[in-house]
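Undergrad: sequence-free structure coming up:
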């Protein structure tokens with residue numbers, strides 16, 4: 001069941017993320033709007049679009065979440081592999097997604113501090129242009 005849902009969610013997310021899906025959805029809205037005068041803008045006419053969009057939105061939440069979870073997991077695994085492969089990297093970062101919010105904030109502050117230190121150090125290549133560009137980006 002899980003494999004079937006994974007494949008279905010992936011194919012559906014690719015399909016509904018296409019320009020054709022947008023055009024079809026736009027066409028449905030246009031047809032609905034054009035039929036308004038025919039149905040005298042009745043409650044039933046409004047209920048059709050409200051119900052349809054609610055159902056589609058409800059189902060899409062699960063499909064999109066499944067796809068995002070898989071993409072995030074794949075990205076984490078790729079980054080973990082890079083951390084293990086680079087000798088200077090801190091391999092303690094591999095499980096950083098499991099840290100508490102407070103631990104993540106502390107780690108973020110540490111990286112900000114390291115970034116500021118690096119900006120204040122003279123460039124290895126002696127390039128003043130890089131330093132100027134860094135300072136411009138910060139402003």
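TA: Received, thanks. Because the structure is a prediction, the values reported are computed rather than measured.

Undergrad: make it CA atoms for all contacts and neighbour counts henceforth
TA: Noted.

Undergrad: for this protein, what's the longest helix?
TA: helix 43-85 (DSSP state H).

Undergrad: and that one, what does it pack onto?
TA: With contacts defined as 3 or more Cα pairs under 8 Å, 6 or more residues apart in numbering; DSSP states H and E, helix 43-85 has these neighbours: helix 2-16.

Undergrad: C-terminal to the helix it packs on, what's the next element?
TA: helix 19-34 (DSSP states H and E).

Undergrad: Follow the chain on from the longest helix of the chain and name the next helix or strand.
TA: Assigned by DSSP H and E, the successor of helix 43-85 is helix 101-120.

Undergrad: what is the mean pLDDT for that following helix?
TA: Averaged over helix 101-120, pLDDT sits at 88.

Undergrad: now do stretch 71-84
TA: On average, stretch 71-84 scores 88.

Undergrad: How far away from the center of its chain is that stretch?
TA: Put simply, stretch 71-84 sits 15 Å off its chain's centre (Cα atoms, centre = their mean, to the nearest Å).

Undergrad: how about it: buried residues?
TA: In terms of neighbour count (16 or more other Cα atoms under 10 Å), stretch 71-84 has its buried residues at 76, 80, 83, 84.

Undergrad: and residue 89, what does it touch?
TA: Counting by Cα atoms under 8 Å, 6 or more residues apart in numbering, residue 89 makes contact with residue 83.

Undergrad: Please parse this structure into its domains.
TA: 2-93, 99-139 (automatic domain parsing).

Undergrad: Most tightly packed of those?
TA: domain 2-93 (a mean of 13; mean count of other Cα atoms under 10 Å).
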